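1. with the sequence up front, the predicted model follows.
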Amino acid sequence: MVDIDVGVVHPDELNRAQWVTANALTFGMDAIAALIAYTLSRPRETRIRSWSITLPLWVASGLLVVIMSAVPLSLPAAAVGSTGNPFAGDDFLRPWVYAIVYGGFIVEGAVLLGAYGLYVHERWSALLRIRVRALPDPAGTRDAQRFLGTVAAALLGVAGVLRVTWALGSDLGMSGRWVADRNATGRCMDDVPGGLALLGAVGLVVPAYRIGGARVRGPLAMAWFGAGSAFGWGGWMGLISAGAAPESTLAERTSALLHLVYTAEMITGVLALTIGWFFLSEYARHTAIVACRAPTQLQPSGGNGCRSRLSAG
């Protein structure tokens, strides 16, 4: 039987239940990612509904984009010797674990995001080409989208500013253990989510208020990665820090303010999901109405097809 402590520097400091649970969750997420990759490789007519691919991949991309961005940024610091293990200042894991696991995450993220990008282009290419100011007016949920978008953008903005401030060296709201252990890698792990959060705030506001004439693909990508990283990375770190033993290093590093940031990031993710659901539902209904108003000769299925598309939207 394989020792579950393989690659751990101080296995005697592990909480067995939490260690097994965290690894089981990671395995489960990787299994879902493998299933999504398989689904994306199938012909379009054999695929399942788009939400069952988009929802888990949004969470996964939020986790993976932070790793894909922060690891390359932290490698120079590790190379010059300022930190031995870019993701564990206390050397919790051995360096080879870092190389294998996080290197694998980078490859996994690149492949999944590349495949999903092709899927999005195939399914929603018409939407991605629309100019922001030309987006159909979501009369049914316009006020709700703007309100939720404003709240979500405000939470992302506050979280982003705090993280960037910490990355620049501020000790605002930081615990003593956090300050003592902070290094260049730790600052990268604040800088990347902070920058993504600020981009996400812009990406939520621009389409909600129809600002500018850029194609909608830019703001949507900003909102996707910004809100996704907040919900995925912030939610993951919030869960494991909330479950950490009081005497553990993680608990000592996590200040009350950081707990609030994690909570704000998770709330932002829920709000962004709601906005996305409204946005895509309104767009699907709009395109169905436009199709039903097209000349009759372009509608082989006639009125019944229109009714089915509208009910599906």
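-> That came in fine, so what should we check first?
2. isn't residue 140 up against residue 282?
-> Yes: using C-beta atoms under 8 Å, residue 140 makes contact with residue 282 at a distance of 6.4 Å. Every residue, glycine included, has its C-beta placed from N, CA and C.
3. neighbour-wise, which of the two wins?
-> Applying other C-beta atoms under 10 Å to residue 140 and residue 282 shows that residue 282 carries more neighbours, namely 20 against 12.
4. show the pLDDT at that one.
-> Looking at residue 282, its pLDDT reads 80.
5. and it, that's in a helix?
-> Yes: the assignment for residue 282 by DSSP: H, G, I helix; E, B strand; the rest coil puts it in a helix.
6. I'd like to know how far it sits from residue 97.
-> 46 Å (C-beta to C-beta, to the nearest Å).
7. same question, residue 103
-> Taking C-beta to C-beta, one finds residue 103 at 10 Å from residue 97.
8. what of residue 231?
-> Counting by C-beta to C-beta - residue 231 and residue 97 are separated by 26 Å.
9. so for those two, which residue has more residues nearby?
-> Between residue 231 and residue 97, counted using other C-beta under 10 Å, residue 231 has the larger neighbour count: 25 against 17.
10. quick check: closest non-adjacent residue to that one.
-> In this structure, residue 231 finds its nearest non-sequential neighbour in residue 269, 2.4 Å apart by C-beta to C-beta, 6 or more residues apart in numbering.
11. and if you look at residue 262?
-> residue 238 (3.1 Å).
12. that neighbour: what's it in contact with?
-> Shown in contact with residue 238 (C-beta atoms under 8 Å, 6 or more residues apart in numbering): 259, 262-263, 265-266.
13. read off the pLDDT value for it.
-> pLDDT, residue 238: 88.
14. following the chain onward from whatever helix or strand it lives in, which element is next?
-> Assessed by DSSP states H and E, residue 238 sits inside helix 235-242. Next along the chain after helix 235-242, taking DSSP H and E as the criterion, comes helix 249-253.
15. list the contacts of that next one.
-> By C-beta under 8 Å, 6+ apart, helix 249-253 touches 90, 92, 175, 177-178, 181, 240-241, 244-245.
16. give me the contacts around stretch 196-207.
-> Residues outside stretch 196-207 that contact it (C-beta under 8 Å, 6+ apart): 65-66, 69, 132, 135, 149-150, 152-154, 156-157, 159-161, 163-164, 211-212, 214, 216, 218-230, 265, 268, 272, 275, 279.
17. and what of stretch 114-123?
-> Outside stretch 114-123, the residues that touch it by C-beta under 8 Å, 6+ apart are 36-37, 40-41, 44, 50, 53, 57, 61, 128.
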